[in-house]
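1. what would the 3D arrangement of this be:
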Amino acid sequence: MEKKKVTKKSVKSRKKPDNKDYFVYECLSALIVTVILFAVSFLSLVGKDREYSENENRYLTAKPQFSWSSLMDGKFMDDAEAYLSDQFLLRDKLVSLRTDIDVFFGKREINDVYIGKKHFLFEKPSVYNETRLKKTFDAMNNLKAKNQGINTYIAIAPNSTEIVSSYLPSNAPVPNQAEQINKIYQNLTGFTPVDLCGPLKKAENPQDLYYRTDHHWTAEAVNIAYREIAKSMGLDPNAYTYENLAVTDSFQGTLASSSGIFSAKDTIKVPTCPSDVMYRVTYVDEERVTTTVFDQQKLGTKSKYEVFFGGNYPEVVIESSSSNDRVLMVVKDSYANSLIPLLIPHYKKIIIVDPRYYNGNIQDIIDTESVTDMLWLYNANTFLNDTSIASKLS
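-> Got it, this is the predicted structure:
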């Protein structure tokens, strides 16, 4: 075999480029990155600040006020860092990109949200805290003991982790909510429990019972729950005919905001009330009166689920033209907002109280309004975490 002759020219051609060239490239790269960072930071500072992030469902940090004292103790620098982080140019797109990368590499829990199959997002379930719940049970049992003549019902709705479990990510740690709810019922005396787990689990399409991007239940789940609650309360669920009207198909709820995943959109449906039932809605603290339980303006905002009542309020009173003389008090969380419209024709008056915001005396309402029926309507996660019941009733 003929040996290839190595010449000085060939050796020279294999030599690495001059170190000076690498130094120039490094300096040029560093300069470009620095210019980009300074340009983005400058545009973030001079641009118009955003007060609220709809994607994250929170208020953003405002521009800090400078003072020598805040500079010396470090507060100004901390506030400035938080401000630049919140007001950074293209922040939403960068946050979304970071989330997409996390999911691509297998992350299945972000900010207490499980990333499920087929674009389903799940609120991380609450734990059963014996100490906290004992205070809640004692307060509820004491209220019931003072009002033995009132028909009292409790309906705890399971969350999507219990009903749409097949869509959960593999090995996601979730408790048995049916057992948690039964345990809640067992600790309440004189309450008529309403089983919602069983009927919801029997639904033909359980994936339609909860929003994919939000923790609330859909109109399909509400229809099932209404029938079970009505039967338990001695009401005829077939007395009135309702149709669910789709009012938006672009809903992206709190779970999408918390996780930063906006790959799906949900449809919100509202029930059409019977035409022969007239009613008036009074928002007590706001001293505002309307003739509908729906707030159409909310459909133009991020919080589209607030189309029901416009959101959560301390106390709301509904007076209807129903021939029934019964008066219902509903103690509730936001799950009840989409179900209460179905109860309106059955009662002369419905008083809605949300203990998370109400600061009055519930017993005073019971006495003043001559309440005949009381319904506690919560979802399991909220009930397990809610400390306002014990604090407001004690």
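2. alpha carbons only for contacts and neighbour counts from here, please
-> Noted.
3. shouldn't Lys349 be in contact with Ser323?
-> No - using C-alpha atoms under 8 Å, Lys349 is not in contact with Ser323; the gap is 10.6 Å.
4. for those two, indicate the residue with more neighbours.
-> Counted by other C-alpha atoms under 10 Å, Lys349 and Ser323 do not tie: Lys349 has more neighbours, with 25 against 11.
5. gap between that one and Ala380?
-> Distance of Lys349 to Ala380, given as C-alpha to C-alpha, to the nearest Å: 27 Å.
6. per-residue pLDDT of the residue nearest to Pro206 when sequence neighbours are not counted, please?
-> Spatially, and ignoring its direct neighbours in sequence, Pro206 is nearest to Val164 (6.0 Å; C-alpha to C-alpha, 6 or more residues apart in numbering). We have a pLDDT of 97 for Val164.
7. now swap in Pro341 and tell me
-> For Pro341, pLDDT reads 96.
8. which stretch of helix or strand covers it?
-> helix 340-343 (DSSP states H and E).
9. check Pro193 too.
-> In the assignment (DSSP H and E), Pro193 maps to strand 192-194.
10. just checking: what are the partner strands of that strand?
-> For strand 192-194, the paired strands and their directions (DSSP bridges) are strand 151-157 (parallel).
11. keeping just the C-alphas, turn the strand it pairs with into PDB.
-> Extracted C-alpha coordinates of strand 151-157, given in PDB (Å, rounded to 0.1, in the frame of the first residue of the first chain):
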ATOM      1  CA  ASN A 151     -85.200  20.100  57.200                       C
ATOM      2  CA  THR A 152     -81.400  20.000  56.800                       C
ATOM      3  CA  TYR A 153     -79.600  18.300  53.900                       C
ATOM      4  CA  ILE A 154     -76.000  18.000  52.900                       C
ATOM      5  CA  ALA A 155     -74.700  17.200  49.400                       C
ATOM      6  CA  ILE A 156     -70.900  17.000  49.000                       C
ATOM      7  CA  ALA A 157     -69.900  16.700  45.300                       C
END
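12. packing partners of whichever helix or strand comes after it?
-> Per DSSP H and E, the first helix or strand lying C-terminal to strand 151-157 is helix 160-163. Counting contacts by 3 or more C-alpha pairs under 8 Å, 6 or more residues apart in numbering; DSSP states H and E, helix 160-163 is packed against strand 121-123, helix 197-201.
13. in JSON lines, list those along with mean pLDDT.
-> Below are the helices and strands packed on helix 160-163 laid out as JSON lines (pLDDT from 0 to 100):
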{"stretch": "strand 121-123", "mean pLDDT": "97"}
{"stretch": "helix 197-201", "mean pLDDT": "98"}
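14. looking at those, which is buried most?
-> Among the helices and strands packed on helix 160-163, ranked by average contacts under mean count of other C-alpha atoms under 10 Å, first place goes to strand 121-123 (a mean of 27).
15. who touches the strand holding Pro193?
-> 152-156, 185, 228-229, 232 (C-alpha atoms under 8 Å, 6 or more residues apart in numbering).
16. and which of those is nearest Thr301?
-> Nearest to Thr301 among the contacts of strand 192-194 is Ile156, at 28.6 Å by C-alpha to C-alpha.
17. low-scoring stretches of the stretch 1-150 of the chain, by residue?
-> For the stretch 1-150 of the chain, the stretches with pLDDT under 70 are 1-26, 29-30, 32-66, 69-71, 74-77, 79-100, 102-106.
18. helices of the stretch 151-300 of the chain, start to end?
-> Taking DSSP state H, counting those that start in this stretch, the helices of the stretch 151-300 of the chain run over residues 160-163, 177-186, 197-201, 219-232, 254-259.
19. pull out the buried positions in stretch 281-299.
-> Neighbour counts over stretch 281-299 (16 or more other C-alpha atoms under 10 Å) mark 281-283, 292-296, 298-299 as buried.
20. please convert those to JSON lines, extending it with distance to Lys134.
-> Output for the buried residues of stretch 281-299, formatted as JSON lines (distance: C-alpha to C-alpha, whole Å):
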{"residue": "Val281", "distance to Lys134": "35"}
{"residue": "Thr282", "distance to Lys134": "34"}
{"residue": "Tyr283", "distance to Lys134": "32"}
{"residue": "Thr292", "distance to Lys134": "38"}
{"residue": "Val293", "distance to Lys134": "34"}
{"residue": "Phe294", "distance to Lys134": "36"}
{"residue": "Asp295", "distance to Lys134": "37"}
{"residue": "Gln296", "distance to Lys134": "40"}
{"residue": "Lys298", "distance to Lys134": "37"}
{"residue": "Leu299", "distance to Lys134": "39"}
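21. of all those residues, which two lie farthest apart?
-> Spanning the widest gap among the buried residues of stretch 281-299 are Thr282 and Leu299, at 21.1 Å by C-alpha to C-alpha.
22. about what we covered before: neighbour-wise, give me the winner out of the contacts of strand 192-194.
-> Neighbour tally across the contacts of strand 192-194 (other C-alpha under 10 Å): the maximum, 28 neighbours, falls on Ile156.
23. can you give me the neighbour number for the closest residue to Tyr167 other than its chain neighbours?
-> Leaving aside its chain neighbours, Tyr167 sits nearest to Lys117 (5.0 Å; criterion: C-alpha to C-alpha, 6+ apart). For Lys117, the count of nearby residues is 13 (other C-alpha under 10 Å).
24. next up, the contacts around Lys117.
-> Residues near Lys117 by C-alpha under 8 Å, 6+ apart: 167-169.
25. wait, is Ile318 part of a helix?
-> No - Ile318: not assigned to a helix; according to DSSP: H, G, I helix; E, B strand; the rest coil it is strand.
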